[in-house]
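quick one, fold the following:
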Amino acid sequence: MIQSLNYGQVTSLALDPIEKKPLYHFHPGSAILSMGSFGCNMACCFCQNYTISQGGAEEVRWQISPEQLVELAQETKVKHGSIGVAFTYNEPLLSYEYLLDTAPRLRQAGQKVVLVTNGQIEAEPLQALLPYVDAMNIDLKTFSALTYEKLGGDLALAQSTIKMAVENGVHVEVTTLVVPGISDDTGEFRAEVDWLAAVSEQLPLHLSRYFPRYRYDAPATPLEKLYEFRDIAQKKLTYVHLGNVR
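Numbering: from 1, shown residues only. Predicted structure coming up:
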C-alpha cells in the first residue's frame, strides 16, 4: 500500500499578504493563511526556499487534520480578515491526498483555496482538484525541455497545468525565476512569452530575481536582464511584474 508521508504534516504556518505568493490580481491587499509541509518533486540546484522544500520530516512542527485546518482558517478569518488558505512554501502537490480532503471543506466553509506550485502533475489528478481551487501561482522554470529534465521536471506538464487551470476558470499567475545560465536565454524567453500570450494575454507574469542559494553560486540576476525580459514580455502580455528587485 502506498501511503503519504506528509499528510497533515506542517512545517510552516503564517499569515501572509496575498502579494507574497505572488498573486497581484487576486483579492489585492488581502491576507491569507499560508501553510507548507516538506519536500519537492523537482530538484532545482538554485532553489530559493531549499530549507523547506528539500527538508524532511524532522522539520515538522504541527500535525493538522483537514477539519482542524478549516477551523483554523475560520478563526484567522474572524481575527485577521484572512480570505482563505494558501498551500505554499514547499510543493503542495506532494500532499495531493491532503489537498483533496481539505480543499472541498475549505470551499464549503467559504474560504478561498490557493496553490503555489511547480505544476508537475498529470491531467487526470489535476482535473479532480481544480474544481476546489480558486487561484494558482505556477512556476514556469524555463522554456527549455532539456533544462526542465535536468531539474527533475517536465516542461510539458507545467504547460498543461497552466492551460488546464486557465480553461477551468482558476485565477492563474505565472512566475519565472530568471537564473543566470539556466533561464536567462533571450530566445527561449521570447518563446515562453509567445506561448503564454497564446493562452491568454491577460495572464500575469512575475519575473523574479535570483540570488545565490543552495547548490548554485552564480551571481544574482543582473537588473538589466530583468528589465530586458520585462520589456519583451510587455509587448505581448498585459501584466508583467518584477520581484526581488529591492
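
Three-state assignment for Ile162, please.
helix (DSSP: H, G, I helix; E, B strand; the rest coil).

list the residues that contact it.
The contact partners of Ile162, taken as C-beta atoms under 8 Å, 6 or more residues apart in numbering, are 119, 138, 140, 172, 174, 196, 199, 203. C-beta here means a position set from N, CA and C on the backbone, and glycine is covered the same way.

at 6 Å instead, please
Ile138 (C-beta atoms under 6 Å, 6 or more residues apart in numbering).

how far away is Ala218 from Pro212?
According to C-beta to C-beta, to the nearest Å, Ala218 stands 7 Å off from Pro212.

Gln74 too?
Gln74 is 41 Å from Pro212, by C-beta to C-beta.

again with Ile32
29 Å.

of the two, who's got more company?
Ile32 (32 against 13; other C-beta atoms under 10 Å).

can you tell me, leaving aside adjacent residues, what's nearest to Asn49?
Tyr89 (6.6 Å; C-beta to C-beta, 6 or more residues apart in numbering).

wait, a helix at that neighbour?
No: applying three-state DSSP, one finds Tyr89 to be coil, outside a helix.

using CSV, list the CA coordinates for stretch 214-225.
What follows is stretch 214-225, C-alpha atoms only, in CSV (Å, rounded to 0.1, in the frame of the first residue of the first chain):
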residue,chain,number,x,y,z
TYR,A,214,21.5,26.1,-2.2
ARG,A,215,23.9,24.5,-4.7
TYR,A,216,24.1,27.2,-7.2
ASP,A,217,26.5,30.1,-6.7
ALA,A,218,26.2,32.2,-9.9
PRO,A,219,25.9,35.9,-9.1
ALA,A,220,22.5,37.4,-8.7
THR,A,221,20.5,38.2,-11.8
PRO,A,222,21.6,41.5,-13.3
LEU,A,223,18.8,44.0,-13.1
GLU,A,224,19.4,44.8,-16.7
LYS,A,225,18.4,41.3,-17.7
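
hey, where'd the strands end up in this structure?
Ranges of strands in the chain, per DSSP state E, are 9-10, 12-17, 31-36, 62-63, 84-87, 112-117, 135-139, 171-178, 205-209, 240-243.

what pairs with the first one, parallel or antiparallel?
The sheet places strand 9-10 alongside strand 62-63 (antiparallel), with pairing taken from DSSP bridges.

could you pull up the contacting residues of Val113?
84, 103, 106, 132-134.

in stretch 138-146, which residues are buried?
Going by neighbour count (16 or more other C-beta atoms under 10 Å), the buried part of stretch 138-146 is 138-144.

farthest pair within those residues?
For those, the maximum inter-member distance is 17.0 Å, found between Ile138 and Ser144 (C-beta to C-beta).

middle-most residue in this protein, spatially?
Val116 (2.5 Å; C-alpha atoms, centre = their mean).

touching, Leu196 and Leu203? I think so.
Yes: Leu196 is in contact with Leu203 according to C-beta atoms under 6 Å; the separation is 5.4 Å.
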